[in-house]
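Chemist: I'll drop the sequence and a predicted model, then ask my questions.
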Amino acid sequence: MRRSIEERACELAAYIVENDSTVRAAAAKFGVSKSTVHKDITARLPGINRALYHEVRALLDRNKAERHIRGGLATRRKYKGSK
């Protein structure tokens, strides 16, 4: 059975906050695209649940600020294994 877009947006946001997750991880868990997760959280959620939106927004901003570090660590692991 198909659930409503509003329910999906709230479930995605709750999952991201509870698990300190990324958009990519939430998309994989719920079987939707990263674009869908991002659209649900940034465009639809503010009209549904403003407080939850602010929690998720803070987490997404932190993830965005840290992503260059995660990318560097992934590159380090990649080349460390090849030597």
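Modeler: Good, I have the coordinates.

Chemist: can you spell out which helices and strands pack onto the longest helix seen in the chain?
Modeler: In terms of residue count, the longest helix belonging to the chain (DSSP state H) is helix 50-82. Applying 3 or more CB pairs under 8 Å, 6 or more residues apart in numbering; DSSP states H and E, one finds that helix 50-82 makes contact with helix 5-19, helix 45-48. From N, CA and C alone the C-beta is placed, and that goes for glycine too.

Chemist: next SSE after the longest one?
Modeler: When you say that, I think you mean helix 5-19. helix 23-30 (DSSP states H and E).

Chemist: and the next helix or strand past that next one?
Modeler: helix 34-39.

Chemist: from S33, how far off is the residue nearest the centre of the chain?
Modeler: Centroid check for the chain by CA atoms, centre = their mean gives V23 as the closest residue, at 2.1 Å. Noted for V23: a distance of 10 Å to S33, by CB to CB, to the nearest Å.

Chemist: again, but for A58
Modeler: Distance, A58 to S33, by CB to CB: 23 Å.

Chemist: try K64
Modeler: K64 is 18 Å from S33, by CB to CB.

Chemist: same check on L73?
Modeler: Going from L73 to S33 by CB to CB gives 25 Å.

Chemist: report pLDDT for the residue nearest to the centre of the chain.
Modeler: V23 is assigned a pLDDT of 94 by the prediction.

Chemist: wait, isn't it in contact with L60?
Modeler: Yes - with contact defined as CB atoms under 8 Å, V23 reaches L60; the gap is 7.1 Å.

Chemist: what is in contact with the two at once?
Modeler: Residues touching both V23 and L60 (CB atoms under 8 Å, 6 or more residues apart in numbering) are I16, I41.
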